[in-house]
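**Q** coordinates only, no sequence provided:
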């Protein structure tokens, strides 16, 4: 058995016990003792197999209390739409020039938005943006003519969630310094969005396991019965 680190010895959590949501948030906050403001993360284990197209779970949700992170937004647009994006607070705006910058290995943004007429250009970057989860997508509202609204949403607490191969969704819901009630509001918004996104192909119990943790802290198991009765 691996030796516990100094930090692990200070953790106050029973690894096997199921906790209520508020109790779990309190434990996570108490164990987030790093010198930086740790991100609080949720792991949702779903009863889906994302290898099947009809069991893919993906979407966006606006966390009511924000993420606590500074989100850099890149926009592919020209003319008036490019101006609109800049005015809304986009960090990087461009067209062919932005494509060349990205092809050169420089990506200066965390979210990518594009107007529909730019998708021919953006499509050439699929191999670069795709694996990083940065490819604009109409279903996620990141391919749109309303670039100002999309930029403001990305900056204002909107997060994207996507189920991974093992049927798990990982998402940040704020910082450890957030008040517990703010983390709870963000937690509820995320879970509600994921539950509503239940795909038609999902069979049996949908929400199977829930856990909370901070960047450097222990995982805290949450009682699924308290989260949702699905």
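**A** Received, thanks. As the structure is a prediction and not an experimental result, all values here were calculated from the model. Residues are numbered from 1 along each chain as shown.

**Q** if I've got this straight, residue 61 is in a strand?
**A** Yes - counting by DSSP: H, G, I helix; E, B strand; the rest coil, residue 61 is found in a strand.

**Q** the residue nearest to it when sequence neighbours are not counted: neighbour count?
**A** Spatial nearest neighbour of residue 61, chain neighbours left out: residue 193 (3.8 Å); criterion: CB to CB, 6 or more residues apart in numbering. Yep, even glycine has a C-beta here, placed from its N, CA and C like the rest. By the measure other CB atoms under 10 Å, the count of residues near residue 193 is 18.

**Q** quick one: contacts for residue 193?
**A** Contacts were defined as CB atoms under 8 Å, 6 or more residues apart in numbering; by that measure residue 193 touches 59-61, 161.

**Q** and which of those residues is nearest residue 100?
**A** residue 60 (28.4 Å; CB to CB).

**Q** show me how far the top helix by length along the chain is from its chain's centre.
**A** Assignment by DSSP state H gives helix 180-196 as the longest helix of the chain. Offset of helix 180-196 from its chain centre (CA atoms, centre = their mean, to the nearest Å): 12 Å.

**Q** if you count neighbours, what's buried in that helix?
**A** Residues of helix 180-196 classed as buried: 182-187, 189-191, 193-195 (neighbour count, 16 or more other CB atoms under 10 Å).

**Q** how about those in JSON lines, adding distance to residue 102 and pLDDT?
**A** Formatted as JSON lines, those follow (distance: CB to CB, whole Å; pLDDT from 0 to 100):
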{"residue": "182", "distance to residue 102": "35", "pLDDT": "96"}
{"residue": "183", "distance to residue 102": "34", "pLDDT": "97"}
{"residue": "184", "distance to residue 102": "38", "pLDDT": "96"}
{"residue": "185", "distance to residue 102": "35", "pLDDT": "96"}
{"residue": "186", "distance to residue 102": "31", "pLDDT": "96"}
{"residue": "187", "distance to residue 102": "34", "pLDDT": "96"}
{"residue": "189", "distance to residue 102": "31", "pLDDT": "95"}
{"residue": "190", "distance to residue 102": "29", "pLDDT": "95"}
{"residue": "191", "distance to residue 102": "34", "pLDDT": "95"}
{"residue": "193", "distance to residue 102": "29", "pLDDT": "94"}
{"residue": "194", "distance to residue 102": "30", "pLDDT": "94"}
{"residue": "195", "distance to residue 102": "35", "pLDDT": "93"}
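
**Q** what about the helices in this protein?
**A** Using DSSP H, helices in the chain cover 6-9, 21-31, 79-87, 96-103, 119-123, 126-129, 147-155, 180-196, 224-227.

**Q** now these in JSON lines, with distance to residue 169?
**A** Listed next are these as JSON lines, based on distance: least, CB to CB, whole Å:
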{"stretch": "helix 6-9", "distance to residue 169": "26"}
{"stretch": "helix 21-31", "distance to residue 169": "16"}
{"stretch": "helix 79-87", "distance to residue 169": "29"}
{"stretch": "helix 96-103", "distance to residue 169": "27"}
{"stretch": "helix 119-123", "distance to residue 169": "25"}
{"stretch": "helix 126-129", "distance to residue 169": "21"}
{"stretch": "helix 147-155", "distance to residue 169": "19"}
{"stretch": "helix 180-196", "distance to residue 169": "6"}
{"stretch": "helix 224-227", "distance to residue 169": "13"}
